[in-house]
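# no FASTA, just this:
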């Protein structure tokens, strides 16, 4: 998902896939409920996939890349809980 190149459908006809929905940093920040510095840190680290566009290097994140990041965060958290890295009784911090 998220590709916009041509592909061959089931009957062998080339079709163009739709362009992916691109999110602004404000939208990503709102969805994740994080500050801009944290969002940019996630982008710079590669943990969240994004791309820069235009001469000013404006960041955009594909909607499906944000969804993948969120899914991976849930999996990582579940693994930490299962391995005992999150002790019982520990409550999530309200940031």
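Thanks, I have the structure now. Computed from a predicted model, the values in this text were never measured in an experiment. Residues are numbered from 1 along each chain as shown.
# going forward, measure contacts and count neighbours with C-alpha atoms only.
Noted.
# For residue 59, what are phi and psi?
When read as degrees, to the nearest 10, the backbone of residue 59 gives phi -80, psi 140.
# now residue 31
The phi/psi pair for residue 31 (degrees, to the nearest 10) is phi -60, psi -40.
# Any idea how many residues pack against it?
Using other C-alpha atoms under 10 Å, residue 31 has 10 other residues around it.
# Quick one: mean pLDDT over stretch 82-95.
Across stretch 82-95, the average pLDDT comes to 71.
# what does stretch 29-48 give?
Rounded mean pLDDT across stretch 29-48 is 97.
# Tell me which residues are up against that stretch.
25-26, 28, 49-50, 65-66, 69 (C-alpha atoms under 8 Å, 6 or more residues apart in numbering).
# ok, residue 69 to residue 29 distance?
Using C-alpha to C-alpha, to the nearest Å, one obtains 13 Å as the distance from residue 69 to residue 29.
# Now, of the contacts of stretch 29-48, which are buried?
When these are checked for burial by 16 or more other C-alpha atoms under 10 Å, the buried set is 25, 28, 49-50, 65-66, 69.
# what sits up against stretch 79-90?
So stretch 79-90 is in contact with no residue, going by C-alpha under 8 Å, 6+ apart.
# Now do the buried residues in it.
Going by 16+ other C-alpha under 10 Å, stretch 79-90 has no buried residues at all.
# Let the chain start at 93 from now.
Sure, I'll start numbering at 93, so the last one becomes stretch 171-182.
# Spatially, which two of the contacts of stretch 121-140 are the most separated?
Greatest spatial distance among the contacts of stretch 121-140 (C-alpha to C-alpha): 118 and 161, at 16.5 Å.
# Can you list which of the contacts of stretch 121-140 are found in helices?
Among those, DSSP state H puts 117-118, 120, 157-158, 161 in helices.
# I'd like the residues you listed as CSV, with distance to residue 132 appended.
Listed next are these as CSV, based on distance: C-alpha to C-alpha, whole Å:
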residue, distance to residue 132
117, 8
118, 11
120, 10
157, 15
158, 13
161, 14
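# Now the residue nearest in space to the middle of the chain. Nearest residue, chain neighbours left out?
Closest to where the C-alpha atoms of the chain average out (C-alpha atoms, centre = their mean) is residue 158, at 2.0 Å. Once flanking residues are discounted, residue 158 sits nearest to residue 140: 6.9 Å by C-alpha to C-alpha, 6 or more residues apart in numbering.
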